[in-house]
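**Q** Sharing a model prediction with you, sequence too.
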Amino acid sequence: MGAEHNTLSKSERLNKKLLIDRLFAGGNKSLLAFPLRVVYMLVIQEREKASILVSVPKKRFRRAVKRNRAKRQVREAYRKSKSILLRALEERGECMVLAFIWLDDNLYASDVVEEKVKNLLVRIVEKL
RNA sequence: GCAGAUAACCGGUCUGUCGCCGUCGUAUUUUUACGGAGGAGGAAAGUCCGGGCAGCACAGAGCGUCCUACUUCUUAACGGGAAGCUGUCCGCAAGGAUGGAGCAGCGCAGAAGAAAAUAACCGCCAACCGUCAGGCUGGUAAGGGUGAGAAGGUGAGGUAAGAGCUCACCGGCCAUGUGGUGACAUAUCGGGCCGUGCGCCUUAGGAGCUGUAAGAUCAUGUAAACCGGCGUCAUGAGGAUGGCUCGUCCCAAUUCGUCGGAGGGUAGAUUGCUAGAGCCUUUUGGUGACAAAUGGCGUAGAUAAAUGACAGACACUUUGCAAAAAGUACAGAACCCGGCUUACAGGUUAUCUGCUUUU
RNA sequence: UGGACUAUGGUGUAAUGGUAGCACAACAGGUUUUGGUUCUGUUUGCCCAGGUUCGAAUCCUGGUAGUCCAA
């Protein structure tokens, strides 16, 4: 696995209820790049270096088609640019859990979303 | 040609790069890697009906409660569908929308109006009283205004005035005949003949409850819940049968303590999970919904939830002389089916209707 | 995913199918030197669209928005 293989398999998705509860319980850092907010937390040891979760509230888009599109855009953007984060984590030997939350009522073009995700990842790496 | 009606169908295509989820094959101890084949809808939506499937409950009868309600069919079933009957409304038409068990009995109907059902306010007529005004007694449903609804309708005869009081026609009801499986239609006859709406009610048919987050298995683990034994406390005939009654069943139940048995919940994994009242072709039966037979097909299975992102080309629509520009609907499986309802850019086919033109 | 329910002035909340009330708020006027209190008056409503009915906030159907429950 490297920068050449920009995969995003099932094991990189966050689906453990306990971890999600801890992530949103409070006290964790969050960054904002409108229309996205990211919440992240360092964890001790997981199978993957970083696992993510994308959330688009039903209040923002009532129709499932638009919700799915927003989630797919964010996932795609993370898949393309996750090497920024992974390299930094590998240097420090730590693991991380992230949650992306959609905040706006409108859809955006894919390149805009990708730019915002990159921006967030770079800022996370800076703050480590 | 234009404008419509009905029914059925489609609802973008191709190429490249990078990915996601099952599955199959090969390699590999596993991890994993490579390759093959596949991967959202007509509504997947709303969750409005009906069923399958699963768990729990369950001797039975009557009543109650709830649902359905023109007829005949269709189906696993339905409140759906088909074909018909009949009333009302819309449309020049093709057609469309919508209602329809029964009326034996009972109740209600604001305001208005004399009166909302064993009708006399005004009016009309007659007798009596009075001085002319009028009063009083009786008859009268033709006229008046109100109202959603006013005592079958129209005409003629008749009468003091009127009145199905009588007659003709129309409507309605009863009986009989004919046609139809039937709703019903139609013909004849008869007696002078039913106010409207809603509800109760009556009749016929039907309905156990919960839902795949059901349920099953595994692993961790042993509770204050369950079962049985023993002891103990107070009460003294009850408890169960989904609302009530009858009937039936239990003969002990309840409190606390103790011993033994059994294994519940939470988080997780696997399963349930996709071959099913399945889809397509042809033929036959049927007006049709649909049914039967023959042949063929293998067709998503996720779980904080995959089926995608980007680029290019084409196609279609609108604007435009052109170049070109803008746009390409509604919408995302969550156990599975049958319907219903709602949303939907644009397009195709068939039959039919109206108008117009030509032959 | 499965199920239950609600929608009435700016806010909270009533109404048996028959004129939509009440309280607070807002506004205007009176009282007061002024403000408050108080008195009088006014304004603003049945989620949307169909249907049943003589008549619908109420009954029925379909939408929209919101709330709750199971986990």
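**A** Structure's in. What do you need?
**Q** how close does A:D21 sit to RNA strand B?
**A** Per C-beta to the nearest atom of the strand, to the nearest Å, A:D21 is found 6 Å from RNA strand B. Glycine gets a C-beta too; all of them are placed from N, C-alpha and C.
**Q** next one: A:W102
**A** Counting by C-beta to the nearest atom of the strand - A:W102 and RNA strand B are separated by 12 Å.
**Q** contacting residues around that residue?
**A** Counting by C-beta atoms under 8 Å, 6 or more residues apart in numbering, A:W102 makes contact with A:35-36, A:54-57, A:60, A:70-71, A:74.
**Q** For the worst-scoring helix or strand of chain A on mean pLDDT, list every residue counted as buried.
**A** Ranking every helix and strand in chain A by mean pLDDT, DSSP states H and E puts helix A:17-24 at the bottom, with a mean of 72. Neighbour counts over helix A:17-24 (16 or more other C-beta atoms under 10 Å) mark A:19, A:23 as buried.
**Q** And that helix, how far out from the chain middle?
**A** Averaging C-alpha positions (C-alpha atoms, centre = their mean, to the nearest Å) puts helix A:17-24 15 Å from its chain's average.
**Q** got a list of contacts for the helix or strand following it?
**A** Downstream of helix A:17-24, the first helix or strand assigned by DSSP states H and E is strand A:29-33. Strand A:29-33 is contacted by residues A:37-41, A:116, A:119-120, A:123-124, A:127 when judged by C-beta under 8 Å, 6+ apart.
**Q** Appreciated, that's everything.
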